[in-house]
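Asker: Fold the following.
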Amino acid sequence: MMITIKSPREIERMRQAGKIAAAARSAGSRMVRPGVTTEEIDQAIRECILSCGASPTFLHYGGFPKNACISVNDEVIHGIPGNRVIREGDIVSLDVGATYKGYVGDCAGTFPAGEVTPEAKELIRVTRQSFFEGIRYARAGCRLWDISRAIQEYAQAHGYSLVREYVGHGVGENLHEDPEVPNYVPEAGRNPRLIPGMTLAIEPMVNAGGPGVRVLSNQWTVVTLDGALSAHYENTVLITNGDPEILTIADDL
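Answerer: Predicted structure coming up:
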């Protein structure tokens, strides 16, 4: 495991990348309404990122064909934007990455399209709050899995399950860096102590049903095995000498 500790210069670039990613996530969220296609949302995200002098991190990453991951209802992550029309009652997860001067900001959120069910609203709320429960432990001296435990305990206490096949991660010059940041406490593995200068993409993926998932034939889109709704919330977080700094926070999130 090679965890990179960011210098003050690198942190400043990550702040800028984070602000751009957060702005693009917000631009996309304003597009989430019935009648809009996922491709139109993707283009709005792209235009926002480019207008800020950054580039969409996800475009061509590992062969991914679009600018953002847009996942609807039972789609957990890695949904490919296209001609799908958003319908009243859908919940739409937007996962956005922006690369600025060689550094990445990574964030996600799940948004309602029009009026959604109380169950869908609660899933979105608990997923978001599980992130904030987790970052109470994103402090120097804590262990990585302290974050994982807080996320898991909060989500499960509300009757939800956590996806296990996909996890959060370090982020910096690369979209995916060490360490992995699971949303549950693993049975084994390395549990590093957090120190200032670490930058982590912490991203609960919470299912209304069971934790099982599968990948669609497009080799990207991950859906719940039982067809239940799933929500996603993510920010890039800097470990400091005091409170954690969220690098991708926006007014609406």
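
Asker: Spit out the contact partners of residue 167.
Answerer: When contacts are counted by CB atoms under 8 Å, 6 or more residues apart in numbering, residue 167 touches 180, 181, 182, 183, 203. Backbone N, C-alpha and C define where each C-beta goes, glycine included.

Asker: if you set the cut-off to 6 Å instead, what comes out?
Answerer: When contacts are counted by CB atoms under 6 Å, 6 or more residues apart in numbering, residue 167 touches 180, 181, 182.

Asker: what's the distance between the spatially closest residue to it that is not a sequence neighbour and residue 200?
Answerer: Sequence neighbours aside, residue 182 is the residue nearest to residue 167 in space, at 4.5 Å (criterion: CB to CB, 6 or more residues apart in numbering). Distance check for residue 182 against residue 200: by CB to CB, to the nearest Å, it reads 12 Å.

Asker: Looking at those two now, which is surrounded by more residues?
Answerer: Using other CB atoms under 10 Å, the more surrounded residue of residue 182 and residue 200 is residue 200, with 28 against 22.

Asker: Look at that one and report its pLDDT.
Answerer: Model confidence at residue 200, given as pLDDT, is 98.

Asker: follow-up on the earlier one: surely the residue nearest to residue 167 touches residue 149?
Answerer: No: taking CB atoms under 6 Å as the definition, residue 182 is not a contact partner of residue 149, at 9.8 Å.

Asker: What pLDDT is listed against residue 153?
Answerer: So, for residue 153, pLDDT stands at 98.

Asker: Excluding sequence neighbours, find me the nearest residue to it.
Answerer: residue 133 (7.7 Å).

Asker: and the one you found, how many neighbours?
Answerer: 20.

Asker: Quick check: it vs residue 186, distance?
Answerer: Relative to residue 186, and taking CB to CB, residue 133 is found at 18 Å.

Asker: Next: residue 34.
Answerer: Look at residue 34 and residue 186: by CB to CB, they are 40 Å apart.

Asker: ditto for residue 9
Answerer: 34 Å.

Asker: pLDDT weak spots in the chain?
Answerer: Within the chain, the segments meeting pLDDT under 70 span 251-253.

Asker: show me what contacts residue 220?
Answerer: 78, 80.

Asker: Where does residue 93 sit: helix, strand or coil?
Answerer: Put simply, residue 93 is strand when judged by DSSP: H, G, I helix; E, B strand; the rest coil.

Asker: Could I get the contacting residues of it?
Answerer: Neighbour list for residue 93: 71, 110, 232 [criterion: CB under 6 Å, 6+ apart].

Asker: so the second one, which of the three states?
Answerer: Applying three-state DSSP to residue 110 yields a three-state assignment of strand.

Asker: Over to the first one?
Answerer: With three-state DSSP as the basis, the three-state label of residue 71 is strand.

Asker: and if you look at residue 45?
Answerer: Classification of residue 45 by three-state DSSP places it in helix.

Asker: Please look at it and residue 25 and confirm they touch.
Answerer: No: at 7.6 Å, residue 45 does not count as touching residue 25 under the criterion of CB under 6 Å.

Asker: Now the common contact residues for those two.
Answerer: Shared contacts of residue 45 and residue 25, counting by CB under 6 Å, 6+ apart, come down to residue 96.
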